[in-house]
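K.L.:
return a 3D structure for these sequence lines:
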Amino acid sequence: MHSLLWTTAFLTACAVVHAASLNDVCTSSRVQTTLPAAGSFPGITIDPDSVVVNAVTNAAVVNQAMFPNAVFDYCNVSFAYSHDGRNDQVLLWYWLPTPENFQRRFLSTGGGGYAINSGNGSLPGGIIYGAAAGAAAGATDGGFGGFGTNSDVVILLANGTVIAIPCICSNFFNMSNPKLYTYYRGYSEGGRDGWSQLQRFGDLLDGAVTGAPAFRYGQQQVQHLYSGVVEQTPDYYPPPCELQKIANETITACDPLDGKSDGVVARTDLCQLHFNINTTIGMAYYCPANELGNTFPPAPPVARAERNSDSSRDGRRQCDPRWPARLPRPSRLFLLSAGGYFRGRTNGIRQYHRFLGSAAGGKIINYHGESDDSIPTASSVRYWESVRNIMYPGQSYNESAASLNEWYRLFLVPGAAHCSPNTLQPNGPFPQTNLAVLIDWVEKGTVPTTLNATYLGGENLGQNAQICAWPLRPVWTNNGTTMECQYEQASIDTWHYKMDTYKLPLY
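P.N.:
Residues are numbered from 1 along each chain as shown. The predicted structure is shown next:
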């Protein structure tokens, strides 16, 4: 049965219960009364005896990249449901704000790596903004045996957090207005989870924030082995300090290309056009183990191949380029040949292609660090461009970009690494308040022309920054004091590439 009908059934089965404070509502017996009645929808049985509840006061989030600092109270709730006839158990975990702070909002959260959830790492996201968000937040273990289990899961089947929450919120908070704004937030694998949910259950979501989504799941883990494949070809394995030297020289050369010298490569596209990595050959470097040396001719090509990503043996492209100013990750855990690498990627695509999808539903904010060292920034650009081409084929580039930006906006974060600030470029900003921005877009119609960000370290610690929406790119003038978001065709062209190895479309 379609999950929207399940949600309707939940709401129909809810009995209104009044409550005034966190202590009044945050008890096991109280939460049990908020659960849907037995038989609310076919095939699912909720276990009231599995309910575990405790009130948490003065919880703190401090020095986190994803959230501003905050202190808050919440009701910690978990319970289980099962699919009839399957002898399984799926756990749901919710953080519910205090009744006075609840703003008729729910935030579903995603996982990372191979995990279907991020534990308590993402749950604060719905609560910490207080009146600005005031959302209950939830996670699921997907039926994989607990929230500490890292499971190789590709799709959240009818995300139980979204299905169950309307009834719980209606009863727990005594909602007089039945409208519950439902949002999703996740990054990395959680970002891909979000796109999966948007495709399948978009009618249940009012908006989503997806950070550095792990598109093309079937390729991702194999792609992390590529450094070792590249190094085997010339049989040269650069020490980390040599690669560090090349990365530092890249940052030095490409930093001012946006018009501002701040130690941040905000324009990796211009870096690709204007920086020749071979200029680092012969430069002196120093290793902590008292090793002195000069960069050898094989090292820059190795670094360049890792950044540009790979081609198959016949010269066709297999995956997204990774040209940002990043430090390549040495990967010698497995000795993988080029042929084995290609076969691994191809098998992954065949196995997981059916799970990769496009967008449906409300508003979407997709952000990606421009120097991501794990998931290629270009993959987010390619996905945005693919949606633009498919959905608006009869429009010009600028017209179709404007149409897509009405509901789906992409922001490339200058200098940022994978879902975090970059230790190599500490002066770069990072967007901490994405959910608040999304809420204003969905509920107030405030379009995020630029994305709000904060300097979390470096020379401008604590100051505000704005990030341009793709396809516009940042250009600084007046000695690096004024930023404009400009359209540059040559820049856009560097992000366009063909994925011509595989005999199926890769978006």
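K.L.:
list phi and psi for residue 196.
P.N.:
Backbone geometry at residue 196, expressed as degrees, to the nearest 10, gives phi -60, psi -40.
K.L.:
what's the answer for residue 24, then?
P.N.:
phi -70, psi -40.
K.L.:
isn't it up against residue 30?
P.N.:
Yes. With contact defined as CB atoms under 8 Å, residue 24 and residue 30 form a contacting pair (7.4 Å). Where C-beta positions appear, they are placed from N, C-alpha and C, glycine not excepted.
K.L.:
so which of these two has more stuff around it?
P.N.:
Neighbour count, other CB atoms under 10 Å: between residue 24 and residue 30, residue 30 has more, with 18 against 11.
K.L.:
report the contact partners of residue 134.
P.N.:
97, 101, 102, 103, 104, 105, 126, 127 (CB atoms under 8 Å, 6 or more residues apart in numbering).
K.L.:
so what's the first one bridging to?
P.N.:
Just to be clear, that refers to residue 97. Beta-bridge partners recorded for residue 97 (DSSP bridges): residue 74.
K.L.:
would you agree residue 139 falls within a strand?
P.N.:
Yes. Under DSSP: H, G, I helix; E, B strand; the rest coil, residue 139 sits within a strand.
K.L.:
heads up, I number from 6, so please use that
P.N.:
Happy to do that; since the first residue is 6 now, the last one works out to residue 144.
K.L.:
count of residues packed around it?
P.N.:
By other CB under 10 Å, 30 other residues sit near residue 144.
K.L.:
so who does the closest residue to residue 421 other than its chain neighbours touch?
P.N.:
Closest residue in space to residue 421, ignoring its immediate chain neighbours: residue 374 at 3.1 Å, by CB to CB, 6 or more residues apart in numbering. Residues in contact with residue 374 (CB under 8 Å, 6+ apart) are 217, 329, 382, 417, 418, 420, 421, 422, 423, 424, 425, 427.
K.L.:
now do 6 Å
P.N.:
418, 421, 422 (CB atoms under 6 Å, 6 or more residues apart in numbering).
K.L.:
cool, residue 479 as well?
P.N.:
Neighbouring residues of residue 479 by CB under 6 Å, 6+ apart: 263, 271, 473, 488.
K.L.:
recalculate using a threshold of 10 Å.
P.N.:
With contact set as CB atoms under 10 Å, 6 or more residues apart in numbering, residue 479 has these partners: 263-265, 271-272, 417, 419, 455, 470-473, 488-491.
K.L.:
what's the next secondary structure element after the helix or strand hosting it?
P.N.:
Residue 479 is part of strand 478-482 when elements are defined by DSSP states H and E. Downstream of strand 478-482, the first helix or strand assigned by DSSP H and E is strand 487-491.
K.L.:
could you give me the buried positions within the helix or strand just after that next one?
P.N.:
Counting by DSSP H and E, the next helix or strand C-terminal to strand 487-491 is helix 494-498. Neighbour counts over helix 494-498 (16 or more other CB atoms under 10 Å) mark 496, 497 as buried.
K.L.:
so what touches helix 494-498?
P.N.:
Contacts with helix 494-498, where a contact means CB under 10 Å, 6+ apart, come from 272-275, 277-278, 386, 390, 402, 406, 475-478, 480.
K.L.:
which of these has the weakest pLDDT?
P.N.:
Confidence by pLDDT is poorest for residue 277 among the contacts of helix 494-498, given 91.
K.L.:
for the helix or strand encompassing that one, packing partners?
P.N.:
Per DSSP H and E: residue 277 is located in helix 273-279. With contacts defined as 3 or more CB pairs under 10 Å, 6 or more residues apart in numbering; DSSP states H and E, helix 273-279 has these neighbours: helix 245-259, helix 304-313, helix 382-396, strand 478-482, helix 494-498.
K.L.:
quick one: mean pLDDT over the helix or strand just after it.
P.N.:
Remark: after helix 273-279, the chain's next helix or strand is strand 289-292, criterion DSSP H and E. Averaging pLDDT along strand 289-292 gives 84.
K.L.:
repeat for stretch 127-135
P.N.:
73.
K.L.:
about what we covered before: would TSV of the helices and strands packed on helix 273-279 with distance to residue 67 be doable?
P.N.:
Listed next are these as TSV, based on distance: least, CB to CB, whole Å:
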stretch	distance to residue 67
helix 245-259	29
helix 304-313	35
helix 382-396	29
strand 478-482	30
helix 494-498	38
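K.L.:
now the weakest link among the ones you listed, please, by mean pLDDT.
P.N.:
Lowest mean pLDDT within the helices and strands packed on helix 273-279: helix 304-313, at a mean of 60.
K.L.:
now do the buried residues in stretch 474-492.
P.N.:
By neighbour count on 16+ other CB under 10 Å, the buried set for stretch 474-492 is 474, 475, 476, 477, 478, 479, 480, 481, 488, 490.
K.L.:
which residues sit in contact with the second one?
P.N.:
Contact partners of residue 475, counting by CB under 10 Å, 6+ apart, are 371, 373, 385-386, 389-390, 393, 406, 409-410, 414-417, 490, 497, 500.
K.L.:
now the strand ranked longest in the chain: how far from the chain's centre is it?
P.N.:
Ranked by number of residues, the top strand in the chain under DSSP state E is strand 49-66. On the basis of CA atoms, centre = their mean, to the nearest Å, strand 49-66 sits 26 Å off its chain's mean C-alpha point.
K.L.:
likewise for stretch 77-84?
P.N.:
24 Å.
K.L.:
may I have it exported as PDB, CA atoms only?
P.N.:
Only the C-alpha atoms of stretch 77-84 are listed here, as PDB (Å, rounded to 0.1, in the frame of the first residue of the first chain):
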ATOM      1  CA  PHE A  77      18.000  22.200  24.500                       C
ATOM      2  CA  ASP A  78      15.500  19.800  26.200                       C
ATOM      3  CA  TYR A  79      13.800  16.900  24.500                       C
ATOM      4  CA  CYS A  80      11.900  13.700  25.000                       C
ATOM      5  CA  ASN A  81      13.900  10.700  23.900                       C
ATOM      6  CA  VAL A  82      11.500   8.000  22.400                       C
ATOM      7  CA  SER A  83      12.100   4.700  20.700                       C
ATOM      8  CA  PHE A  84       9.800   1.800  19.800                       C
END
